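Colleague: predicted model, plus sequence, below.
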Amino acid sequence: MSDDEFVRVVGEHLDLVYNLARRLARTRPQAEDLVQETYLRALRGWRRQPPDDARAWLATICLNIARAGWRRDAGRPTEVLDPYAGASVVSGHDTAAEAISGTIRDQVHQALWQLPAVQREAITLMDLCGFTAAEVAAMTGAPRGTILARVHRGHKRLAALLEQQGVTPGDA
């Protein structure tokens, strides 16, 4: 298959890869780098052997790159300033509601990063990317039941963390 076919097939999944990368990376620039690296490695893999399921294949590549980055960065300081923090979008909408929504979204993102990596991965892949437990199990190499347990425990821990921050379930 040609590179044009690659662009057509994997281009359909750019939103999925970006949303996954945004949850697996601490900052937007890191997420953008993760997406670029995912597509670079995907192109190399495509040239060797195109996948049967491009969606799961791309998510697995993204997840593996993120994991490698976490291992590499484990000894580095964890506090990173977000260059987009406080950025606002001009709109005709209720800016106060948008600010509250953005704050809640940031609190959820921060709380996700307080979860163990395996729980954060399982929640991100199932809840935010829409993969089934069986698909996540295949991507991560963990049994389906383990994935379901990670999601359940992660949801409970996430709810507790958000409650500590004063975010109620209706807000998030």
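Modeller: Okay, I see it.
Colleague: could you use CA atoms for every contact and neighbour count after this?
Modeller: Fine.
Colleague: F131 touches T124, doesn't it?
Modeller: No. Assessed by Cα atoms under 8 Å, F131 is found out of contact with T124, at 9.1 Å.
Colleague: could you measure from V151 over to D106?
Modeller: Note on V151: its distance to D106, by Cα to Cα, to the nearest Å, is 20 Å.
Colleague: more crowded one of these two?
Modeller: Neighbours were tallied for V151 and for D106 using other Cα atoms under 10 Å; the higher tally belongs to V151 (23 against 13).
Colleague: so which elements touch the strand or helix carrying that one?
Modeller: For V151, the element it lies in under DSSP states H and E is helix 144-164. Helix 144-164 is packed against helix 95-112, helix 117-123, helix 133-140, with contacts defined by 3 or more Cα pairs under 8 Å, 6 or more residues apart in numbering; DSSP states H and E.
Colleague: what comes into contact with it?
Modeller: Contacts to helix 144-164, defined as Cα atoms under 8 Å, 6 or more residues apart in numbering, come from residues 107-108, 111-112, 115, 118-120, 122-123, 133-134, 136-137, 168-169.
Colleague: do that again at 7 Å, thanks
Modeller: Residues outside helix 144-164 that contact it (Cα atoms under 7 Å, 6 or more residues apart in numbering): 108, 111-112, 115, 118-120, 122-123, 133-134, 137.
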